[in-house]
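Asks: No letters, just coordinates:
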Ligand SMILES: Nc1nc2c(c(=O)[nH]1)N[C@H]1C(S)=C(S)[C@@H](COP(=O)(O)OP(=O)(O)OC[C@H]3O[C@@H](n4cnc5c(N)ncnc54)[C@H](O)[C@@H]3O)O[C@H]1N2
Ligand code: MOO
């Protein structure tokens, strides 16, 4: 059995990043940048007013009455030379005319005909945004591999990118297996249960920027499994749910091998999720997740999310984002598998406790958990007040 870290490294090694495409800025949220975004001009391009008011020479303040000399508007700056004791009407974002170095806000002036008086004193640069104060021409604004938040989309657009180069969305086929399953919304027979795995994993795939594609439910019949595997053609990654362990009616692994699949690993020293496996069917990477719903969701966090991030060319694809938290309740000695306990943390930084229900089929408990508490193999017992590693969910 290999460790979680080895498994993650083997998955990443078998994947390469996908091709790229461009999308309009308005559609770029959540996508991964495929090229650096570099500013091709400074922002603002020249010194501009930060307020509505009057631009003056700071050295003239306190010396008497100004005469008004035209207006500089956002997008239509004033080019006329400005003399001493002259003030120019400016709006927010308007270019500051040559030679002026202070803006007096309109609330602080008295206008009479064509003249202006103010009690404001010299404060050079006041209410003026210098050229390039946001960013300079040639500055690296966003690096390839960055996930585009709304603010980052806005920055790329501010830098003139109407179309943004992004990684293609990974197409992830999801195949559930087992005669006991029916799709949610259908009517289960007595012993049947709903397929919770496909919707849960699809949501996770979607949240990382992938395109989930359900291949439905393959019955416990080799021909049905064979057909389902064939239907994954064209996907960038196939996720299977269930049939990973040793059951008599699980045909997934045997059909995978018969069809020429190469197994890269089977079984990981992790709890939950020991039966997780990974291989390749021709060029198609196949990640087999255990059927137990919590095992599937936890192993998806550990293996599927980094796989998607690798396909998306994200530089920190393998980072799991651990934080530390203080325990509010003791923990027992861990077994020999790396263990991910469902936990509840009080707020974003408060104390954490492991939930009472840790069964790998208890989805209601998983949905209440807000962290996974990581316990390394054979970790000693912990008491309240000890620090543990947690992965936010
Ligand atoms: N003798 C042994 N038995 C088991 C072992 C073992 O090592 N020796 N491993 C256990 C572990 S750990 C796990 S995890 C499970 C995983 O088994 P499979 O991956 O083969 O999953 P199935 O047998 O197909 O299903 C297990 C369980 O999960 C339910 N299931 C499956 N798919 C879905 C789905 N899409 N949505 C909702 N629920 C699903 C299924 O009905 C079963 O209840 O094996 C242990 N056994
Ligand atoms: O390792 Mo299994 O995932 O516990 O139920």
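Replies: Thanks, I have it. Worth saying up front: this structure is predicted, and the values here are computed from it rather than measured. Ligands and ions are numbered 1, 2, ... in the order given.

Asks: Any idea how many residues pack against the closest residue in space to residue 77 that isn't next to it in sequence?
Replies: Spatially, and ignoring its direct neighbours in sequence, residue 77 is nearest to residue 95 (3.2 Å; C-beta to C-beta, 6 or more residues apart in numbering). From N, CA and C alone the C-beta is placed, and that goes for glycine too. Residues near residue 95, counting by other C-beta atoms under 10 Å, number 22.

Asks: hey, what's residue 95 bridged with?
Replies: residue 48 (DSSP bridges).

Asks: show me the contacts for it.
Replies: Shown in contact with residue 95 (C-beta atoms under 8 Å, 6 or more residues apart in numbering): 46, 47, 48, 72, 77, 78.

Asks: Next: residue 391.
Replies: 301, 320, 321, 322, 323, 340, 371, 372, 374.

Asks: cool, and residue 170?
Replies: 18, 205, 209, 210, 211, 236, 237, 308, 311, 312.

Asks: Equivalent analysis for residue 321, please.
Replies: So residue 321 contacts 391, 392 (C-beta under 8 Å, 6+ apart).

Asks: Next one: it relative to residue 391, how far apart?
Replies: 6 Å (C-beta to C-beta, to the nearest Å).

Asks: Minimum distance to ligand 2, which residue of the stretch 1-150 of the chain gives it?
Replies: For the stretch 1-150 of the chain, the residue closest to ligand 2 is residue 1, as judged by C-beta to the nearest ligand atom, at 11.2 Å.

Asks: Hmm, residue 268 and that residue touching each other?
Replies: Yes: if you go by C-beta atoms under 8 Å, residue 1 and residue 268 touch, sitting 6.4 Å apart.

Asks: Need the overlap of contacts for the two.
Replies: In contact with both residue 1 and residue 268: residue 274, using C-beta under 8 Å, 6+ apart.

Asks: These two: who's more crowded?
Replies: residue 268 (27 against 13).

Asks: my guess is that one meets residue 4, correct?
Replies: Yes: using C-beta under 8 Å, residue 268 is in contact with residue 4, at 6.1 Å.

Asks: how many other residues sit next to the residue nearest to residue 2 when sequence neighbours are not counted?
Replies: Spatial nearest neighbour of residue 2, excluding adjacent residues (C-beta to C-beta, 6+ apart): residue 265 at 5.4 Å. Using other C-beta under 10 Å, residue 265 has 15 other residues around it.

Asks: likewise residue 237?
Replies: Neighbour count of residue 237, defined by other C-beta under 10 Å: 23.

Asks: Bridge partners for it, pull those for me.
Replies: Here residue 237 sits in beta bridges with residue 172, as judged by DSSP bridges.

Asks: That one contacts residue 311, correct?
Replies: Yes: using C-beta under 8 Å, residue 237 is in contact with residue 311, at 6.9 Å.

Asks: got any residues that touch both of these two?
Replies: Both residue 237 and residue 311 are contacted by 15, 170, 210, under the criterion C-beta under 8 Å, 6+ apart.
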